[in-house]
Structures are given as C-alpha cells and as structure tokens.
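> The following block contains a protein sequence and its predicted model.
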Amino acid sequence: MSRRVVVTGLGAVCGLGLDWQTVWEGLCEGRSAIRGWQPPGVDDFPVRYAAPVDDAAFAARYGADEDPGPVERRVRFGLAAAGQALADAGLAAGGDGAWTAGRIGTAVGSGVPERDPLELLPALGEDGQPSWQALYARRDRLDRASGLFCTNDALAAGIAARHRLRGPALNFSTACAGATHAIGHGFRMIRRGEVDAMVVGGADSVLNLPTMTGLHLLGAPSTSELFGDRLCRAFDRDRSGLVAAEGAAMLVLESEESARRRGAIVYAEVAGFGSSLDAYQVTAPHPDGVGAALAMRRALADGGVAPEAVDSVNAHGTSTPLNDPIETRAIKDVFAGGEHYRKLAVTANKTMLGHLIAAAGAPELIATVLSVRDGIVPPTLNLENPDPACDLDYVPDKARHQEVSVAVSNSFGFGGLNASLVVRGYDD
Amino acid sequence: MTNLDAVRLTAPGLYTAAGADPASLWEALVAGKDTGRSDELLAEAWPGAGTAFLVDDPDAATLGVHRRVLRTSEKQARMALYGARLALTGPSVTGPVGGEGWGLYLGLPTVDEQLLRFSALDGLRRAADDSPGAVAALYGREVPPFSGLSHLNSTAAAHISAVFGLTGAMAAYSPFSDAGLSALVDGVLSVAEGENEAAVIGAVSPKVHPLLFPQYEELGWTGAAPGEGAAFLVARRGPDVPGARDVPAAPDGPAVRLAGYGRGFGADGADLTSALTEAVHAALAMAGTDAAGIGWVLPDAGWTAAGEQAQRAALDRVFGPAGARPAVAGAERATGVLGPAHPLAHVVLALHGLATGRLLADDGETVREEPLPVSRVLVLACGARGQVCAVVLEGAGS
C-alpha cells in the first residue's frame, strides 16, 4: 500500500505567536521573536538573547485548558500546539472513541529534559553533607515538573492520552533534527498504511540555566551584543552562533483518502522524506556538507521529485559559523544540474523564530507548507553583509510573493544527524 | 513497496552483565548464574535498589577508538558503541561495513546524570542563598565542558556513525522499551523499502545511577533490579528479493526475518491491555499466522505493575489458558531491566534460539532449555507511559 499524505491541521506556540496564523503572519511580515533574555533573576549570563514564549499571554490563552499536571514547559507548549492542530483539522472522536480519520498516532521530537538548577540541593543532609540517602528522604521536595522526573516520552504519551489516540506514540531523539524525523516517519507510517493520520511535530524549551549553560560550554549560542535583537544572522558574515528559542509546532498528516472522505481542507502534500548521518565528528558537521546533501537527495528521490522542480528551500540556517556555508555548499551540490540552485529562494526562518532546537523543524515545516499554499517565501532577516561562502538567493529582508510548487525543508542535528522533507502543492 | 520477506536479521551483538555474546546470556539463564552485583552506592541511595546488573564501562582500547572519543561521550554512548562493535566485527558480517547504504536505528534512554558534582553542592547552597546570578556563575564554573553533549542521548548515534562510517538513513527513539522495538521495526522497514542496503539496529540501557530512581518511582517502578547493556544486530537485504524465503542459511545459523509487527498506545489499565492485545494480533496477522504459530514468547521486563498486568492479560487474551500457551521466558534474571535495550536483547536471544532450534522456559523458579516447536517467536515491549509494540520473528525457512 502506498498512499498520498496531506497536511490537514496546523498548530504552533512560539515567541512569534500562540497560533499558527499569527506565526505565519509574523514570518511574512519579517517580525522577529528574538529579544534580550537572561535566566530568571540573572543579569550577567553570557548568552543575552533568545526567543522565549510570552508566559503571560500563554497562560491567558491556554491556562483554562484542562490542567496537564506537573509537566515541563515543552510539554505544555506541545499539548497546546497538538490541540490546535487537531481542532484545525476538524478531527474529532465519536461517542465510541473512534476518530473520523481512522487510526491515529503521534510522533514528536522533544529534546532534552528540562533541568532544575537546584535539583540536587535536597541531597545536602541536616549535617550539611551531601548524600543520596538525604535526597531519597527529601524526594517529596523535588519539583515533579522538571529535573529528575522528566522523560522524553512525556509529550508523545501526553498527546496520545489526552486525545485518546491509539496508534503509535513515538518520540524521536535526533537532536535538532528530532521534529523533522518525527514528521518524516509519521508521513511514512501513513503512506504505507500503518495508520490513517498522525499528529506530528516537536516541542522544546532549553531556556533554563542548566541547559543553556551546557549549550554555552559547547560554544553553540552567540554571546555577541553587537546586533541586539538582530543577532540571528544566518548566512551573514557577522553571524556568531545560534539564538535559542522555545515553543512547539504540530501538524496533522492524513491519508489523502481520509481527508477527501471527510471533506477536510488540505494545505499541501508531504511528498518525501530523507535522512542521513555525517559519519564525521560529534562536535562539527562534515565540512563538505555530504550528509546534508544526502538527506536532501533522499527526500527528493523518496517523493519522486526532480531537483529542477524545487522552487524554495527552508534552510536549517542556524547562524552558526559552520552550518551556513556548509548548508550552502550542500544545496549547490544537490541542485547543481543546470545551476538550478541559482533559481532557488532559500529562507532561514530562525532569523525570526530563533532556534527551537529539537522542535525547530516543525514550525519551519509549517512555514514551508504555507509557503506552498500561499505563494510567499518568508525573508531571511539581518542579512546585511553576505558571507562570500554563502552565495545563494536567501530572500533578504522582505518576504517574496512567488509561486512555490515544491519546497524542501532541512534540519541538521548536532553530531551529523540530518533530515529533509519535501512539500508540494496539493492538486486533487 | 514494503517487503519484509526480503530482509534478514543477522550479526547479533550483545553486551550485558552475563557477558559479551548471546550464548553467554543463554547459558547464564539456563545455569541460573548470579550475574547481579550488590552495589553499596545504590543500596544507600534508594531502599530496595541494592542489586544491579552492571557492566564495565568500555575503555578506548575495547572500543577501538582514540581516547579523545571518551571525552565527548558518557557511559551510555560507550555501551552503545561497544554493542555496535560486537555486531559489526562479528563473524556474521562479511564484506565492507559503512557508506551510504548503511543506516542506523537506535533505541536510547534519557540521559540522567549529575550536572554538578557533590563537591559543588555546598557552594550551590551558598549561591542559592545569595542570588540567581551566583547560581549561574557557579554553573559556569562547575559544569563539565561536555555535559551539554553527554545530556544529548543522540550522541551515541553520532559516535557509532563516525566510527563505522555509516551515512545511510537513520532514526533514534527514546526513552523506554518500546524505543528499542521501534528501532527494529523502522530499521527493517528502511531496508525493505529500499532506503538502506543494511541497517545497524541497536538499543542501549540507561547507565545505572541514583538519579534514576526518583523518576522510576514516579512512573510506578516495581523495584525490579536495573541492568546495563546494549543489544545490536544488522538487517540486510537477502540476495534474491522475490524468493527470499529460499535464501541459504547465514554462516552462523539459519536466516531470521521480522515477519510482523504491531504498535500502539493505551493510557492505562484495560486500555493498555487492549492496545497490547491489538499490537500482538496485528503482528500475528502480518506474519500470516495465529497464536498457534508462536513457539516462544519473550515478554517485556516487569518494570511497572501496570505493564506486568497488561502483558499477562494480553497474553491470556491472545493465547488462552496457561496450559495451551507457548513457553514464556525473558532475560531479566541475568540482565536486570535494560530499558530500551530490553526487548532488543530479547530479539538477539530469539535469534540465538531460532538458530539453534531451542527456547527458554521459565517456571518461576528456574529457566530450562527446550526444543523450539515452531520457528516463530513473539517479543513484546510495554513502555512506561503506555507505548506498546509487538514483533514476530521467524526462521526464514519456516
């Protein structure tokens, strides 16, 4: 069995907005969610910019929802985005619990557990000496919503339990490619007939002191103060590292037959998925972009799409010194035939969204889907002095109205774990 | 086009407290060998957690890597790398390994380790009394440089890929036992659907650490002894796709294939039992068989009471009365609970049984070896929050 797979529902919660419509509008208008940021109560943390979710606005909008219990921020964001996407798809369970779309599962990428910086303090006993016995005796003082109690499957299981989805509930752990892997595998499961629909995407929140300290020690986030909230400068020569963000985005993927049977609105078709490994270093991507190119090639082949048919690439575009020229090289390699790369509109959504880490591929796929639907390529912001090694058309500053029949979305995870998706307009 | 018939499971690599190969685990189970260790640290840390099935942390020489690899990995990644090495350097793998046709599918635990050493806690207390800024400064000083890496469980995939030159399609799942079987299912599918020529499939346990136990307790842990280890194998396309059932036996035994699978979710109680029952029925149907066609069942470890109960009830529903059902036995007595690696260790054990025509039966007191009456084995996974998976493995000549 091989079925066409279409997108019928969208949901997003991030610094740019608390629903997909606001996020898309922001991307098209070139608004940035990046602003000055510090861990709570801290004023000299070396990483000074991020793209956080507006807590007050989120609480006002979603606080009245059923209390999910003690869960991490990423799970709260993910549950909200999944609820949005299911509602947007017009999917509902009948009285017998059966879904109108048939068998539904979920697949998400959700990063690393959120750590509480003070989680080990209960290990200091009455005598002031640290011990595991003391931690055991005081375990009721530990925060159930963070640190030791967090596991990576909480979001997938939470979505499945809340919406009574009986299909597989999978969590993908492929670093910054997690959401794209989840979406790709959800797509494949529908295509081969294992399920009829999937809630797919990602959620992450690294904006806590322990995780940001770890990322900073790896040299991943920019510590520059030169450009203020214009710090995420993908493909610019003055780029200096990623700008971290938090949030979630979810899509409902569905078999074409199910969507047609329900009369669902179809945003676009997911046509192909490809993944690869760099087999290079844990701390750096392959300098020739071999793995990145392989993922794109496989996604195109998987969808039966010729490179010449692609109009736009939603780049991983992290604004790190290594990624951007390497991704450029990979794009030029994949689309070398007839120098088609010169015709591509390449965009870096992270210049507005920030880097949602494991979730990053999900809002970027939503942008890719809507780009195909609406014929708009969002801009790459802050590209003021292009790096000579980054010499493609990155749609600087302002969104471009153009026909986008087919688009590719890239996610390249730390350690060389790569994934790409191909989206095309749906024509029934 | 999905054609599970065309894919063979081979090259078992197993690293557990019972040894570094499937035969050692088999023998340890039959002999009732005590492979657990009393661990003073665990006993002090968490009442009831005094015994664990630990493995030695592989060193650079064992792993065949430069010492610098150890700096950017933690024990879980090293156990995984060793499991992959056992599989890929064993006698079953002939010809070159690696390249664009070789993919990687992993089941990984969440990494739970201390960000701060105990020696820094007094400073943390003072910093907490002072200001959040002081806490941030202490983290900046005390957190080890590669902690960000070691908390990323997918680091294991990066290491295996780099060491063996795998650049094929990949995926990694976490954090509980269903992750191991999902890696198996999707790894086999990647070969069956032509995405990879071969897929290295593996899973690794968490490293046993006192920080695990609060989480375990919260998730309904029964107190079952934890274990450490890794289980790996390779899925490869048979030489003759249409007639794959006639593929000659591999050098180390008859060819084995994934004949069917089912996966789903059940939140709790009856729902969990139903989900597991449906997953088993789906796996049997895909394998073109029924309950009578199964010779041996390897259930998931009894890690939570809900999971244990659901597995018992599901097996009752599928196989009927106890007297009529196939032998049921797993590896837990000699490995402890291996998390994502548990069901994959069972798959490796099943490969050994299918190759030798033997099974293991557990009467509650001892494990005994018997002839395998039917060349099909059922392996179950029951994740901590309701994720379930069932696979049927079949001797390819059956």
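That came in fine, so what should we check first? Numbers count the residues shown, from 1 in each chain, chains lettered A, B, ... in the order given.
> Residues touching stretch B:115-124, excluding its own?
Contacting residues not belonging to stretch B:115-124 are listed as A:115, A:118, A:120-121, A:123-124, A:128, A:130, A:210, A:213-214, B:135, B:138-139, B:142-143, B:147 [CB atoms under 8 Å, 6 or more residues apart in numbering or on different chains]. C-beta coordinates here come from the backbone N, C-alpha and C atoms, glycine included.
> Now do the contacts for residue 371.
Here I'm looking at chain A. By CB under 8 Å, 6+ apart, the neighbours of A:Ser371 are A:Ser312, A:Asn314, A:Thr347, A:Val377, A:Pro378, A:Val404, A:Ala407.
> not quite, I wanted chain B
B:Gly357, B:Arg358, B:Leu359.
> burial count for A:Arg342?
For A:Arg342, the neighbour count with other CB atoms under 10 Å in any protein chain shown is 11.
> where's the nearest residue to it once chain neighbours are set aside relative to chain B, distance?
Nearest residue to A:Arg342 in three dimensions, chain neighbours excluded: A:Asp393, at 7.3 Å (CB to CB, 6 or more residues apart in numbering or on different chains). Using CB to the nearest CB, to the nearest Å, A:Asp393 is found at 29 Å from chain B.
> other SSEs contacting the helix of greatest length in chain A?
For chain A, the helix with the greatest residue count under DSSP state H is helix A:73-88. In this structure, helix A:73-88 makes packing contacts with strand A:5-14, helix A:55-62, helix A:154-163, strand A:197-205, strand A:246-255, judged by 3 or more CB pairs under 8 Å, 6 or more residues apart in numbering or on different chains; DSSP states H and E.
> I'd like to know which of these is closest to chain B.
Closest approach to chain B among the helices and strands packed on helix A:73-88 (CB to the nearest CB): helix A:154-163, 3.6 Å.
> what mean pLDDT would you report for the next helix or strand after that closest one?
Using DSSP states H and E, the helix or strand that follows helix A:154-163 in sequence is strand A:169-172. For strand A:169-172, mean pLDDT is 97.
> do the same with stretch A:191-203
Average pLDDT, stretch A:191-203: 97.
> Need the distance between the two termini of it.
24 Å (CA to CA, to the nearest Å).
> Pull out the buried residues from it.
A:Arg191, A:Arg192, A:Glu194, A:Val195, A:Asp196, A:Ala197, A:Met198, A:Val199, A:Val200, A:Gly201, A:Gly202, A:Ala203 (16 or more other CB atoms under 10 Å in any protein chain shown).
> now stretch B:9-22
Neighbour count says stretch B:9-22 has B:9-22 buried, by 16+ other CB under 10 Å.
> Which one of the residues you listed is nearest to B:Ala49?
B:Ala17 (15.3 Å; CB to CB).
> what pLDDT does that closest one get?
98.
> where do the helices sit along the stretch 201-350 of chain B?
Using DSSP state H, counting those that start in this stretch, the helices of the stretch 201-350 of chain B run over B:212-218, B:269-286, B:305-319, B:332-335, B:341-356.
> and what of chain A?
Under the criterion DSSP H, chain A contains helices at A:20-29, A:55-62, A:73-88, A:132-137, A:154-163, A:178-191, A:209-217, A:256-262, A:290-302, A:323-334, A:350-353, A:361-374.
> and the closest residue to chain B within the stretch 301-428 of chain A, how far is that from A:Asp333?
Nearest residue of the stretch 301-428 of chain A to chain B, counting by CB to the nearest CB: A:Gly415, 2.8 Å away. Counting by CB to CB, to the nearest Å, the gap from A:Gly415 to A:Asp333 is 21 Å.
> out of these two, which sits in the busier spot?
Neighbour comparison, A:Gly415 and A:Asp333: the larger count goes to A:Gly415, with 28 against 17 (by other CB under 10 Å).
> Test my guess that that one contacts A:Ala279.
No. The pair formed by A:Gly415 and A:Ala279 falls short of the contact definition of CB atoms under 8 Å, at 10.2 Å.
> which neighbours do these two share?
Joint contacts of A:Gly415 and A:Ala279 (CB under 8 Å, 6+ apart) are B:Ser161.
> Run a quick neighbour tally on the residue lying closest to B:Val367 once chain neighbours are set aside.
Nearest non-adjacent residue to B:Val367, counting by CB to CB, 6+ apart: B:Leu29, 4.5 Å away. By other CB under 10 Å, 25 other residues sit near B:Leu29.
> quick check: mean pLDDT across whichever strand or helix holds B:Leu29?
For B:Leu29, the host element (DSSP H and E) is helix B:22-31. For helix B:22-31, mean pLDDT rounds to 97.
> what residues are up against A:Tyr49?
A:Ile34, A:Arg35, A:Gly36, A:Trp37, A:Ser222, A:Gly228, A:Asp229, A:Leu231, A:Val243.
> Check the secondary structure at the residue of the stretch 151-300 of chain B found nearest chain A for me.
Here the stretch 151-300 of chain B gets closest to chain A at one residue, B:Ala158, 2.8 Å apart by CB to the nearest CB. Secondary structure, DSSP: H, G, I helix; E, B strand; the rest coil: B:Ala158 is helix.
> Quick check: chain neighbours aside, which residue is closest to it?
Using CB to CB, 6+ apart, the nearest residue to B:Ala158 is A:Gly415, at 2.8 Å.
> what does B:Gly223 give?
Nearest one to B:Gly223, counting by CB to CB, 6+ apart, is B:Gly48 at 4.8 Å.
> just A:Pro325 next, same as before
A:Ala389 (3.8 Å).
> how far away is B:Asp39 from B:Ala49?
Taken as CB to CB, the span from B:Asp39 to B:Ala49 is 8 Å.
> what about the two, which has more around it?
Ranked by neighbour count (other CB under 10 Å), B:Asp39 and B:Ala49 place B:Ala49 first, with 25 against 19.
> residue contacts, that one?
Neighbours of B:Ala49 in contact, by CB under 8 Å, 6+ apart: B:Asp39, B:Leu42, B:Ala43, B:Phe213, B:Gly223, B:Ala225, B:Pro226.
> Now with 6 Å, please.
B:Leu42, B:Phe213 (CB atoms under 6 Å, 6 or more residues apart in numbering or on different chains).
> Regarding it, what is its secondary structure?
Once three-state DSSP is applied, B:Ala49 turns out coil.
> What distance do you get for it to A:Arg237?
55 Å.
> same check, this time on A:His340
25 Å.
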